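J.: got a sequence here, can you build the structure:
(one chain, ligands or ions: 10)
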Amino acid sequence: MIGTRLSRLARVAIGMALMCLPMAPLMAAEPASATATATASTDNPTIQEKVVRTCTACHHENYKIPVMSIFKTKHGVMADSRAPFGDRACMSCHGDSVEHLKDITQQPDVLFAEHSHNTPAEKNAPCLTCHESGIRMHWKGGQHETNNLACVDCHKIHTDHDKVRDKKTQPQVCFKCHKDRQADVLKPYSHPIKEGKVACSDCHNPHGTVGPKLLKKNNVVETCYQCHAEKRGPFLWEHPPVREDCTNCHNPHGSIHQALLKQRVPFLCQQCHLMNFHPSGTYSGTGIPSGGGAAQQLLLRGCENCHSAVHGSNHPGGRRWQR
Ligand code: HEC
Ligand code: HEC
Ligand code: HEC
Ligand code: HEC
Ligand code: HEC
Ligand code: HEC
Ligand code: HEC
Ligand code: HEC
Ligand code: HEC
Ligand code: HEC
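T.: Residues are numbered from 1 along each chain as shown. Ligands and ions are numbered 1, 2, ... in the order given. Coordinates of the predicted model:
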């Protein structure tokens, strides 16, 4: 432990020493910044404060990206020894960047921008040193990791508004890559996703899961029960496809049919109930309940007009979910 710490300090010290080499003033604007001033308030600055000053001497608030906004986030808290600024400051994420400090035309060790020389795995490594537990336990092997996503494809660090963690703006981030889901959400019937009331992350854990399709819970039904607890049952009379998977009938992202149904009733029901005979009518070769003159009526009224408790019934007489 102490060894690691010392070697870190040593590395930082090298960086500091290199800083003393003559370097042309590269930015026109004054390097002084509110943060640098605030952190320099003591005559005996800590190592972190020195590192901050090293980098922010050039990357100050007039820099083209708002580097200083990091101090409005949890990462910027110097008093938190778990956080970058309680540790190696900028270098916790960008690496010691010794070459960059020697010659600013050299890239830093870890560059997150799109024109970076780093692979997604190299960009993720610093983040994972601090964030591999909790909801990211299954990052390794998850669909996003195996498809070479970087944390920074979704997260922004130098900002106090990380779009992906705000329900209202999160979908925009996901839609960059999931255009087909965007098309679904814009259909006439959808979860209130565009209204910002339900987010992708209410059903999915984009960091990786044990279950399929990055679902937050182990399967579809458990994911839906989080909010639709009344559908959980157990019911006296269970409808097997409901217990099995809500997406047998619903498209959770959106649909042109009411109640997010995948198909219009009766066609929805007839995917599975290809009935030659319906008890309330007579023989029908088409799978549509027929009762002579009543057939048309049955169709128009829809199956759920009679079988209204299609998700299951607790009524003693609800064996066919008419109540
Ligand atoms: C002497 C001034 C100076 C210092 C000190 C300095 N940089 Fe830089 N840095 C630059 C310049 C100039 C560039 C290249 C121009 C640009 O793209 O902004 C750059 C580029 C970068 C980039 C990549 C920008 C890009 O889009 O390609 C990162 C990241 C970076 N520096 C991080 C750091 C970190 C972290 C430190 C402290 C360890 C640091 N810099 C110290 C001047 C400096
Ligand atoms: C030196 C450790 C460290 C490193 C490196 C680090 N983080 Fe963090 N991160 C933290 C700590 C500590 C928090 C605050 C956690 C808390 O208060 O619950 C945090 C918080 C966050 C948050 C939530 C912010 C909030 O306001 O709640 C996100 C998102 C995040 N980190 C992403 C990243 C990403 C992406 C990277 C890599 C680019 C990264 N972190 C690198 C330690 C680190
Ligand atoms: C596909 C997009 C996506 C990727 C890639 C991604 N995240 Fe996240 N991250 C999110 C979303 C969405 C949330 C908000 C989750 C929520 O509110 O339940 C989040 C929340 C977080 C948080 C704060 C919540 C917490 O409890 O920890 C941290 C820290 C974090 N992510 C770190 C990371 C790290 C580290 C990586 C890379 C290994 C990463 N994320 C990759 C989308 C992503
Ligand atoms: C928690 C990890 C983390 C810390 C700490 C951090 N950065 Fe960054 N930095 C990033 C990420 C991620 C990006 C990509 C843009 C974004 O997310 O806002 C970035 C972007 C940059 C860029 C633009 C080039 C690029 O890579 O896109 C510069 C320059 C930069 N950081 C400098 C700094 C300086 C200076 C400090 C210290 C004051 C610092 N960073 C601290 C993660 C970090
Ligand atoms: C109400 C819960 C819910 C919400 C909200 C939700 N999803 Fe899903 N998503 C699911 C379920 C359940 C599946 C698996 C069954 C399926 O493919 O329909 C799924 C599957 C997916 C798939 C895999 C699709 C495929 O065809 O295999 C992607 C990608 C996806 N969702 C992205 C998103 C995005 C992006 C958002 C936010 C705009 C989002 N989801 C919001 C429940 C949800
Ligand atoms: C940079 C592109 C990118 C971003 C941003 C992104 N994804 Fe993905 N996502 C992918 C890729 C690539 C895959 C794997 C291939 C596929 O299934 O489409 C994937 C897979 C998924 C899957 C699993 C699909 C399956 O078949 O198992 C879900 C669910 C998903 N993403 C949800 C999200 C959510 C939610 C967000 C936003 C928080 C998001 N994604 C942001 C690229 C992205
Ligand atoms: C985070 C909470 C949440 C989760 C998880 C969730 N839902 Fe919803 N659901 C809602 C909200 C909110 C509404 C809108 C209710 C309203 O408008 O009155 C809704 C509406 C619906 C509707 C349409 C109701 C109507 O009358 O049009 C259906 C169907 C539905 N959800 C199915 C599902 C399925 C299937 C899942 C699992 C894949 C699921 N929900 C997961 C919150 C959730
Ligand atoms: C066999 C097909 C089928 C399955 C499977 C199914 N539903 Fe439905 N669902 C329907 C039909 C049909 C409607 C519209 C008629 C109505 O309002 O009951 C509906 C309506 C809804 C509604 C809005 C009206 C209400 O009853 O609250 C919600 C919410 C809902 N379903 C959630 C779920 C959830 C959660 C699951 C999985 C546990 C599920 N459904 C599985 C057929 C199904
Ligand atoms: C994904 C397939 C599937 C879909 C879609 C489906 N069901 Fe079912 N349904 C079943 C299964 C399986 C059973 C149980 C059959 C059994 O026990 O013999 C069942 C049983 C029933 C029964 C009781 C049958 C009996 O013999 O007791 C009724 C009534 C019923 N479903 C109505 C509907 C209605 C109305 C719809 C449309 C809203 C619908 N089902 C959609 C698969 C489905
Ligand atoms: C006018 C009301 C009505 C309509 C509309 C209706 N049903 Fe029925 N259904 C009944 C009655 C009554 C029974 C017999 C209940 C009993 O015997 O307990 C029944 C029984 C069933 C059974 C069980 C069959 C068996 O052999 O026991 C299934 C499956 C079924 N209906 C599916 C459907 C489907 C699918 C639709 C739509 C295409 C539909 N019903 C429309 C009233 C209706």
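J.: okay, and for the stretch 201-323 of the chain, where does confidence drop off?
T.: 275-277, 280-301 (pLDDT under 70).
J.: can you rerun that using 80?
T.: 274-302, 322-323 (pLDDT under 80).
J.: which stretches in it count as helices?
T.: Taking DSSP state H, counting those that start in this stretch, the helices of the stretch 201-323 of the chain run over residues 220-225, 240-244, 267-270, 294-301, 303-306.
J.: can you say which of the ones you listed is nearest to I70?
T.: helix 220-225 (34.2 Å; CB to CB). Using the backbone N, CA and C atoms, a C-beta is placed for each residue, glycine as well.
J.: quick one: C272 and P241 touch, right?
T.: Yes. Counting by CB atoms under 8 Å, C272 touches P241, with 6.8 Å between them.
J.: separation between F112 and ligand 8?
T.: Distance from F112 to ligand 8, counting by CB to the nearest ligand atom, to the nearest Å: 39 Å.
J.: more neighbours: which of C272 and P241?
T.: P241 (16 against 11; other CB atoms under 10 Å).
J.: how far away is that one from E222?
T.: Taking CB to CB, to the nearest Å as the measure, P241 falls 16 Å from E222.
J.: go on, C93?
T.: 36 Å.
J.: so for those two, which residue has more residues nearby?
T.: For the pair C93 and E222, the greater number of neighbours falls to C93 (22 against 13), based on other CB under 10 Å.
J.: do the helix or strand hosting that one and ligand 3 meet at all?
T.: Element membership for C93, per DSSP states H and E: helix 90-94. No. Judged by CB under 6 Å from any ligand atom, helix 90-94 makes no contact with ligand 3; its nearest approach is 10.6 Å.
J.: packing partners for that helix?
T.: Judged by 3 or more CB pairs under 8 Å, 6 or more residues apart in numbering; DSSP states H and E, helix 90-94 is in contact with helix 47-56, helix 120-131.
J.: name the nearest residue to D80, ignoring sequence neighbours.
T.: G86 (4.8 Å; CB to CB, 6 or more residues apart in numbering).
J.: now E61
T.: Leaving aside its chain neighbours, E61 sits nearest to M68 (4.7 Å; criterion: CB to CB, 6+ apart).
J.: need the helices and strands packed on helix 90-94 in JSON lines (columns: distance to ligand 7, mean neighbour count and mean pLDDT).
T.: Putting those into JSON lines (distance: least, CB to the nearest ligand atom, whole Å; neighbours: other CB atoms under 10 Å; pLDDT from 0 to 100) gives the following:
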{"stretch": "helix 47-56", "distance to ligand 7": "40", "mean neighbour count": "20", "mean pLDDT": "84"}
{"stretch": "helix 120-131", "distance to ligand 7": "24", "mean neighbour count": "16", "mean pLDDT": "96"}
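J.: tell me which of these approaches ligand 4 most closely.
T.: The closest of those to ligand 4 is helix 47-56. By CB to the nearest ligand atom, the value is 3.6 Å.
J.: quick one: is that closest one near ligand 2?
T.: No. Using CB under 6 Å from any ligand atom, helix 47-56 stays clear of ligand 2, coming no nearer than 10.8 Å.
J.: quick one, what contacts the residue nearest the centre of the chain?
T.: Nearest to the geometric centre of the chain sits P206, at 4.4 Å (CA atoms, centre = their mean). Under the criterion of CB atoms under 8 Å, 6 or more residues apart in numbering, the contact list for P206 reads H144, C154, C174, C200, L214.
J.: of those, list those near ligand 3.
T.: Restricting those to those touching ligand 3 (CB under 6 Å from any ligand atom) yields H144, C154.
J.: of the contacts of P206, which is the most crowded?
T.: Of the contacts of P206, with other CB under 10 Å as the count, C200 tops at 22 neighbours.
J.: quick check: that one touching K194?
T.: No. C200 is beyond contact range of K194, at 11.6 Å (criterion: CB under 8 Å).
J.: overlap in contacts of those two?
T.: Shared contacts of C200 and K194 (CB under 8 Å, 6+ apart): P171.
J.: which one of the helices of the stretch 201-323 of the chain lies nearest to ligand 5?
T.: For ligand 5, the closest of the helices of the stretch 201-323 of the chain is helix 220-225, at 4.5 Å, according to CB to the nearest ligand atom.
J.: contacting residues around the nearest residue to P266 once chain neighbours are set aside?
T.: In space, and not counting its chain neighbours, P266 is closest to C303: 5.0 Å by CB to CB, 6+ apart. By CB under 8 Å, 6+ apart, the residues touching C303 are V265, P266, C269, P289, V310.
J.: show the contacting residues for the last one.
T.: With contact taken as CB under 8 Å, 6+ apart, V310 is in contact with H239, V242, C303, E304, W321.
J.: going by distance to A150, which of those residues wins?
T.: Looking across the contacts of V310 and measuring by CB to CB, the closest to A150 is V242, at 39.0 Å.
J.: would you agree the closest one is in contact with W321?
T.: No. Applying CB under 8 Å as the test, V242 and W321 come out as separate, 10.0 Å apart.
J.: when the two are compared, which one has more neighbours?
T.: Using other CB under 10 Å, the more surrounded residue of V242 and W321 is W321, with 20 against 17.
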